[in-house]
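S.K.: could you work out the structure for the sequence below:
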Amino acid sequence: MKYSYDLKRNDLCIGENRIPAYSLEENEIGNCTSCDSTLVSLSYHAAEKYTVVITKCISCGTFYANVYDSKWNWVDEVQISLLPFPIHISSQIIDDWSGLESIPMKKLEAVFSRGEIEALFARAKNETPTRQYLYRARRKYKLFEEIFDLELAL
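M.R.: Residues are numbered from 1 along each chain as shown. Model prediction:
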């Protein structure tokens with residue numbers, strides 16, 4: 001079964017079914033299968049006899065659907081894709097600290113890790129960022145623009 005997630009509405013999509021979140025509580029859920037870093041919950045969904053928790057890795061940014069039975073026993077973990085946001089013709093260009101500061105932190109956290117966000121702010125303030133985090137963040141600029149229609153040029 002294909003799982004996808006709508007970051008804007010916090011809806012889980014399983015096949016053609018859209019399941020709204022019943023909770024947006026943030027909790028540490030476990031460890032990422034890709035990089036072994038912490039997974040944080042984004043939303044909780046009731047899907048028939050299962051509860052599906054959408055999580056995001058705080059380090060590599062991978063999204064997962066963690067499936068639990070009615071007694072909260074772990075059943076499965078599936079990597080999920082994000083549903084695309086409509087792309088508008090004119091995108092805003094963020095190229096300074098005040099522009100970056102105006103972006104809600106939830107939007108930044110949806111794409112970038114904590115270290116990458118710190119590197120972006122350091123770069124915007126003309127401070128020396130951690131090079132590896134800035135490099136990783138720049139590789140995600142296109143994804144951020146596709147999702148939020150905001151072009152980063154830092």
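S.K.: how about the longest helix seen in the chain: buried residues?
M.R.: Ranked by residue count, the top helix of the chain under DSSP state H comes out as helix 114-124. If you call a residue buried by 16 or more other Cβ atoms under 10 Å, then helix 114-124 has these buried ones: 115-124. Every residue, glycine included, has its C-beta placed from N, CA and C.
S.K.: so how far is Asp6 from the nearest residue to Ala153 once chain neighbours are set aside?
M.R.: Nearest non-adjacent residue to Ala153, counting by Cβ to Cβ, 6 or more residues apart in numbering: Asp95, 4.2 Å away. Separation of Asp95 from Asp6 (Cβ to Cβ, to the nearest Å) stands at 29 Å.
S.K.: and those two? Which one has more around it.
M.R.: Each of Asp95 and Asp6 has its neighbours counted (other Cβ atoms under 10 Å); Asp6 has more, 17 against 12.
S.K.: what strand or helix carries the residue positioned nearest the centre of the chain?
M.R.: With distances taken as Cα atoms, centre = their mean, the residue of the chain nearest its centroid is Ala110 (2.9 Å). Per DSSP states H and E, Ala110 falls inside helix 105-111.
S.K.: show residues contacting that helix.
M.R.: The contact list for helix 105-111 (Cβ atoms under 8 Å, 6 or more residues apart in numbering) reads 7, 56, 61, 117, 120, 140, 143-144, 147-148, 150.
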